[in-house]
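Colleague: Quick one, what's the 3D model for this:
(chains A and B)
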Amino acid sequence: MSRAKPSSVVATTRRAVLWVPDWPVAAAMKEAGLKTDAPAAVLHGRGLVAVSAAARSAGVRRGQTQRLAQRACPDIAILRHDEGRDSREFEPVAAAAEQVVAGVEISRPGLLMVPAEGAARFHGSEEALAEALTGAVAELSGYECAVGAADGILAAVIAARSVSIVPPGKSEEFLRGLPIQDLALAAMERRQRESVEGLVDVLVRLGIVTLGDFTALPRADVVARFGAVGRWGHLVARGHDVRPPVVRRSLDDISVGYLCEEPAERVEQLTLIAAQAAKELDEALLAAGVRCGRVRIEASTERGDTLARVWRTDVGVRTGAFARHMTDRVRWQLEGWLSGTAQGPEPAPLTSLSLTAEDVVSLGDEQAYLWGGTSGTDSRAHRTVERLQALLGVESVLSVAEQGGRSPRDRVLALPWGQETRQARRVDHPWPGQIPDPPPATVLPFAEPMEVLDAGGSPVAIDRRLGMSASPTWVRLQAEPGQARPAATRRHPSAGNVGWEPTWGQARPVDAWAGPWPMVERWWSEDSSRRAFMQIAMRNADGSAGPAVLACFSAGQWWLEAIYD
Amino acid sequence: MKELNALGSLVSTGAVASRRDERLKRARAALHSVEARMGATRSPAIAESLPLTPAIAALLPSGVRPGSVVRVEGSTALMLEVAVENSRRGAWTALMGMPTVGVLAAARRGIDLSRVALVPHPGIHAPQAVGAAIEGIEMVLVGSAVALSDADRRRLAARAKERSVVIVAAGPWGQAQATLRVEHSQWRGLGDGQGRLRERSLTVLVSTKHDARPRRVQVVLEHDHAWGLRSSRQAVNEEVA
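Modeller: Residues are numbered from 1 along each chain as shown, chains lettered A, B, ... in the order given. This next block holds a predicted model:
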C-alpha cells in the first residue's frame, strides 16, 4: 500500500459470505409449514419486514402495509415477526455450514461469514468452497442460500447477494460504482443500521449517490461532519474491515432427558431418577469434552405444569464430583417441589425430567477468577454451605445481593444458594423517592402493625395530600415474645379488648421524627402500593435515647417496616 | 599455616551451617504456603488478633482474637460492624438465625455479599447447622432466636476456638470473651418533621473476661462526613465501678 494505513484499520480479511434470501420469511414459512413457493410475508408493526419470492413477483414489497399487500396478492400468508425464531431457525443452517468449514461467524440471522483463505485452500478454490457450502446447507437444513467471496465485509455481503466472487484486491473497484444505499447492508445490528440509513439519507441529499463518490471525499472531512458512523462508512465503503471476523465453534447446550414410566412422587424414586439423569449428563459432557457453567433443571408434572430452575456449577470448585453434586441438586429441588415447601406450581407427581448444560465451554477453556484460582478458603466455604443445604434443605440457605428498589425490603434479592436468576431490578436506575441511607440494620420480612399516636393517644392519620392529623408523640410496637405475658393482661376481654388484636407493648415517647415521604409504586399492577414513610426516633422508657424505626402509613394503618437498631 | 587452615575449616563449616539453615527456612516457608493455600493450617501466625473498624476500635482496642465469642446486645448494626474487618480480609460470613437482618446495612458497612451465606431459620437443626458453619466459615453471626442449649453453646465455643472462628452472638452466651451491651443509641439528624437519620452515637457497656470492671464507651457508628461535624461530640471512655 502506498498510503500510510489509518491506525484503526485492521488487516482486511478475505471472506466468504453465506446469505439466505428473505431470511425472516423463510424461517417463518418453515415454522408455519408453508411450501417455499407460497406467497408469504412477515409483518412487524405496521409494515412488512420480509417478503417471499412468490409474493414479490406478485408485486408485494418490503415496507408496505398489510392491506396493500393483500390487495396486490389476495392469498398471501401474513406471518408474525419473531426475532427469537429467526435466530433459532438459523442454527441448523450454521450447523450445516460447519460441516464444510471449521468455524463460522453468525453476523445476523440469515447471514454468516467464513474466513475464506484456509477453507478455500482446503476445498481447492473459492468456487469449490461456495459449491460445498450451498450443497451442505440445502441438503442438511433445506434452505436455499447464496455464497459470495470478496475482501472486506461490505464487498463480501454484496458479492453474496449477486452470487459472485470478487478477485482479491479488487474490492474497492467493485464497490465504486454501487449505489450508496448498499452501505446499510454491512450494518448488522438494527441500531447500527438505523444510524447508517440516516447517514445515507444525508449523503443522497448532498448529491453523493455512489460509494465511489463517498470514498472520494477526504476522510478527515467525513469524520468531522459525520463522526463515528461516517468513519465506519468511509472505511467499509473502501473495502476495508473494521474488525476481524469473530469465529467461534458454536457449542450447543447439551441436554439429557428422562421420561418416567409411571409418575414419580416418592423420594426414593426421585433419588434414582436424579442419579440417573445426572450421570447421563456427566457422561455426555465428558464425551463432548466440555464443561458447563450452569445447569437448567426442568421437570414436568402430571398436571401439565413445567418447573424450571437454573443452577450455577462452579467449575473451579468441584472437579470430578460433578455427577454426585448434580444428583444432590436435582434431588433437593424435586423434593422441595413435591413436598410443596419450595415456591412454584402446585405439587404433583413428576412425569419427565431434563437436565440441560448451559454456558458450555471446552475443557481447559474455563475462566478462572481474576486473581488466580479458587483459594482453599473459598472452596472450603462452598463445601460448608452445601453441607448446610443438605442439612436444612435447599431453600433454607440463601445467598443475598443488592438490587434496585425504594424501600429497604425491596432492595435485597435473596435466592436459594447456588440458584441463578436474572437480577430483577437494576441498582443504577435512579429510584426516585428511595428511603435515604443509612440503611436499617433490621428489616422485617413482613411489615408488622404498629401504632403512632398523638399527644391525646389517638392514632395519627395522613390524608391523600400528606397532611398529618397531628404530630406523632407516642409509638407503640408489638410486644416482644418475652414480654407477651404481662402485655397479654392488657388485652384481656375485661380490659375492653375483643377479637384479634396484636399484643401491644408499652407506648414509647417520640424523640424526633421526619416525614412523611410518599411512595406510590406500580399503580398499574395488582401489587400496587400507596404508602407514606416516616423515620421516628424513640426514647426508652427511662427517658434515654433509643433506636429509630421506619414506619409506613398505608390504608389507614401504621406498619413497622424496619428498625435502625 | 596451621592457623590459616583452621580458619578455613571454620569458615567452611559456618557456610555449610548457614546454607543448611537457609534451606530449612525455605522448606518451612514452602510448607507454610502450601498449608495456607489448602486451608489446613492452624499456625499461630493466623491467630493474630483481628482489629475492629476505626469507628468502633475504642470498644476493644486489642481487637478480637480468632476463636473467641463476642456477645453483642441491643444492636444488629454493631454485630455487623464487628464482622466487617474480617470480611474485608476475604473471610466468609454466615448469618445464622437472623431472619430480620438488614442485608443492605451489611453491604454498606463493607461486608462482601458474595461471601455471605444467610440461614434465616435454622430451626430444630440449629446446633448442627451452627456447627457445620463453624467448620468452614470464619465469621459466624448467631441471632438471638436460635434454639441452642447451654451445652450446645459450650461445645460450639470450643469448636470455634479450635478452628479460629469468631462467633458474634446476639443472645446470651456464657463463654463470651467480650460482651458489648448497648445502653443508649442516640440518632441525630431528625427534627420535628424535617431532616433524616444521619448519624448515631452508641453508648456501649464493654465487659471482657480479662478485665473485671466494665467500661462505658461511646462510639459513632453511622458517621455522616458531610453533616456530622456540626454536632459537638464528647468522647466517653470511663470505667464503671
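Colleague: Contacts for the helix ranked longest in chain A next, please.
Modeller: Assignment by DSSP state H gives helix A:267-288 as the longest helix of chain A. Helix A:267-288 has contacts (Cβ atoms under 8 Å, 6 or more residues apart in numbering or on different chains) with A:251, A:254, A:256-258, A:260, A:264, A:291-292, A:295, A:322-324, A:326-327, A:330-331, A:334-335, A:338, A:350, A:353-355, A:357, A:360. C-beta: built from backbone N, CA, C; applies to glycine.
Colleague: Just the C-alphas of that helix, formatted as PDB.
Modeller: What follows is helix A:267-288, C-alpha atoms only, in PDB (Å, rounded to 0.1, in the frame of the first residue of the first chain):
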ATOM      1  CA  VAL A 267     -38.400 -39.500  47.400                       C
ATOM      2  CA  GLU A 268     -36.800 -42.900  46.700                       C
ATOM      3  CA  GLN A 269     -37.900 -42.800  43.100                       C
ATOM      4  CA  LEU A 270     -36.700 -39.300  42.700                       C
ATOM      5  CA  THR A 271     -33.300 -40.200  44.100                       C
ATOM      6  CA  LEU A 272     -32.900 -42.900  41.400                       C
ATOM      7  CA  ILE A 273     -34.100 -40.600  38.700                       C
ATOM      8  CA  ALA A 274     -31.900 -37.800  39.800                       C
ATOM      9  CA  ALA A 275     -28.800 -40.000  40.000                       C
ATOM     10  CA  GLN A 276     -29.500 -41.500  36.600                       C
ATOM     11  CA  ALA A 277     -30.100 -38.200  34.800                       C
ATOM     12  CA  ALA A 278     -27.000 -36.600  36.500                       C
ATOM     13  CA  LYS A 279     -24.800 -39.500  35.500                       C
ATOM     14  CA  GLU A 280     -26.000 -39.300  31.900                       C
ATOM     15  CA  LEU A 281     -25.400 -35.600  31.700                       C
ATOM     16  CA  ASP A 282     -21.900 -36.000  33.200                       C
ATOM     17  CA  GLU A 283     -21.100 -38.700  30.600                       C
ATOM     18  CA  ALA A 284     -22.500 -36.600  27.800                       C
ATOM     19  CA  LEU A 285     -20.300 -33.700  28.900                       C
ATOM     20  CA  LEU A 286     -17.300 -35.900  29.200                       C
ATOM     21  CA  ALA A 287     -17.900 -37.400  25.800                       C
ATOM     22  CA  ALA A 288     -18.100 -34.000  24.200                       C
END
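Colleague: Return the list of helices and strands in contact with the helix or strand following that helix.
Modeller: Counting by DSSP states H and E, the element after helix A:267-288 in chain order, helix or strand, is strand A:290-301. Under the contact criterion of 3 or more Cβ pairs under 8 Å, 6 or more residues apart in numbering or on different chains; DSSP states H and E, strand A:290-301 touches strand A:254-264, helix A:267-288, strand A:306-312, helix A:322-339, strand A:350-362.
Colleague: tell me which residues of the last one are tucked away?
Modeller: With burial defined by 16 or more other Cβ atoms under 10 Å in any protein chain shown, the residues of strand A:350-362 counted as buried are A:350-357, A:359-360.
Colleague: just how off-centre is the helix or strand following it within its chain?
Modeller: Sequence-wise, the next helix or strand downstream of strand A:350-362 (DSSP H and E) is helix A:376-392. Chain-centre distance of helix A:376-392: 29 Å, with Cα atoms, centre = their mean, to the nearest Å.
Colleague: Without its sequence neighbours, what residue ends up closest to the residue nearest to the spatial centre of chain B?
Modeller: For chain B, the residue nearest the mean C-alpha position is B:Val64 (4.9 Å; Cα atoms, centre = their mean). Excluding the flanking residues, the one nearest B:Val64 by Cβ to Cβ, 6 or more residues apart in numbering or on different chains is B:Leu50, at 5.0 Å.
Colleague: Filter the contacts of helix A:267-288 down to the buried ones, ChimeraX style.
Modeller: One line in ChimeraX is enough to select the buried members of the contacts of helix A:267-288, burial here meaning 16+ other Cβ under 10 Å:
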select /A:251,254,256,258,260,264,291,292,295,322,323,326,327,330,331,334,335,338,350,353,354,355,357,360
